[in-house]
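# A predicted structure for the sequence below; I have some questions about it.
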Amino acid sequence: HRLGDNVVKCHPDFVLIGTTNILDGDARYTGQEALDTSLRERFKNGIIEMDYDENLESKIVDPEVYSWGLKIRNELRNKKMKNHLVSTRLLCGYTKHKQLKGHTQAQWEKSFFTDWTEDERNKLEIDYAYDFTK
């Protein structure tokens, strides 16, 4: 707690960076609730939207997993389905499962789409390896 002068003088080279995964929140992730308007306003002058680093992902993710992941990610974007995502973390996890346990595309799909409705799955224009009718 500072007494007296409450102005903090920053060094000329000082830079403050604040990050978040989202701005609007997704109720399914308790740590990702919508940001307070006043907090968002404080950062308006310098918002830089970032996307996945495809150069990095292509180096650390199995090529078959990566191809599948990009296809799903692009479909999600094209259909504006913001409630689902294909993260780098997810692709690395499927890569490990493929390498260590021999998991196939059908097994990634079973895992990835487990909490999706049939209507949501049908919105994507892809050929599924997993048979969801079982």
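Happy to help now that I have it.
# kindly tell me how buried residue 89 is, as a neighbour count.
Neighbours of residue 89 under the rule other CB atoms under 10 Å: 9. Quick note: C-beta positions are derived from backbone N, CA and C, even for glycine.
# and it, what element?
Following DSSP states H and E, one finds residue 89 within helix 88-101.
# may I see the buried residues of that helix?
Under the neighbour-count criterion of 16 or more other CB atoms under 10 Å, helix 88-101 has 90-91, 93-95, 97-98 buried.
# quick one: contacts of it?
The contact list for helix 88-101 (CB atoms under 8 Å, 6 or more residues apart in numbering) reads 52-53, 56-57, 60-62, 64-66, 69, 103-104, 107-108, 111-112.
# buried among those? Make that a ChimeraX selection.
The buried residues among these can be selected in ChimeraX (16+ other CB under 10 Å) with this line:
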select :57,61,62,65,66,69,103,107,108,112
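# ranges for the helices of the protein?
For the chain, the helices defined by DSSP state H cover 37-42, 54-60, 63-78, 88-101, 105-112, 118-123.
# same list (the ones you listed) but as CSV, adding distance to residue 6.
Listed next are the helices of the chain as CSV, based on distance: least, CB to CB, whole Å:
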stretch, distance to residue 6
helix 37-42, 17
helix 54-60, 42
helix 63-78, 45
helix 88-101, 41
helix 105-112, 50
helix 118-123, 51
